[in-house]
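Q: Compute the structure for the input listed below.
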Amino acid sequence: MVLIMNSFDVRTFNSSENFIKIKSISGNSVSFIIEDFKNWCWAGLIISNYVKPQMYVYLRDVKVMTIPKAGAVKVFLYGPFKDLSESRVWNDFDALIMRDNMIRYNNPFPDVSTRDYVKLHRTDKAVLWIYIEEVSIKEVEVSITLGV
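A: Just a heads-up that it's a prediction; the model follows:
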């Protein structure tokens, strides 16, 4: 699923075999609903720059709200990438291994550095993984503000 949001698109992936439905897209935010979510899950987003010569994605500007409030929410930012087919953080992953690595190393991909921010040139991509745990979540809202 590809959603055009200003100068980036978002692809959602839920790795615990639940379904994600997009609720709304506006400005620099996307809201999605995870159906039948129990215990924990991962949601992945690809942020692509198609318009500006360069833009920034700051981890501090990613806001995640869950309804009801989750027991734990962790956000991981990776990039920049020219081609995601060569990126292990999007193409070569297993949800259980990611969770185990996050618990052990505080990083679902311990051999790939997480970033506080990613500078994206035109056509570059960043990957954002969101981990949600401990509560039956009905709705997850993710808000991303892009810096110039």
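Q: Give me the contact list for stretch 79-97.
A: Contacts to stretch 79-97, defined as CB atoms under 8 Å, 6 or more residues apart in numbering, come from residues 15-16, 41-42, 44, 46-47, 57, 78, 108-109, 111-112, 115, 118-121, 123-127, 129. C-beta here means a position set from N, CA and C on the backbone, and glycine is covered the same way.
Q: can we see that at 7 Å?
A: Residues outside stretch 79-97 that contact it (CB atoms under 7 Å, 6 or more residues apart in numbering): 15-16, 42, 46, 78, 109, 112, 115, 118-120, 124-127.
Q: from those residues, which would you call buried?
A: 15-16, 42, 46, 78, 109, 115, 118, 120, 124-127 (16 or more other CB atoms under 10 Å).
Q: and the residue nearest to Met98 when sequence neighbours are not counted, how many neighbours?
A: Nearest residue to Met98 in three dimensions, chain neighbours excluded: Pro108, at 3.7 Å (CB to CB, 6 or more residues apart in numbering). Residues near Pro108, counting by other CB atoms under 10 Å, number 24.
Q: List the backbone torsions phi and psi for Pro108.
A: phi -60, psi -20 (degrees, to the nearest 10).
Q: I'd like the mean pLDDT over stretch 125-137, please.
A: Average pLDDT, stretch 125-137: 80.
Q: what about the helices in this structure?
A: Secondary structure of the chain (DSSP state H): helices located at 88-91, 95-105.
Q: got these as JSON lines, with distance to Asp61, mean pLDDT and mean neighbour count columns?
A: Conversion of the helices of the chain to JSON lines gives the following (distance: least, CB to CB, whole Å; pLDDT from 0 to 100; neighbours: other CB atoms under 10 Å):
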{"stretch": "helix 88-91", "distance to Asp61": "20", "mean pLDDT": "85", "mean neighbour count": "15"}
{"stretch": "helix 95-105", "distance to Asp61": "21", "mean pLDDT": "91", "mean neighbour count": "14"}
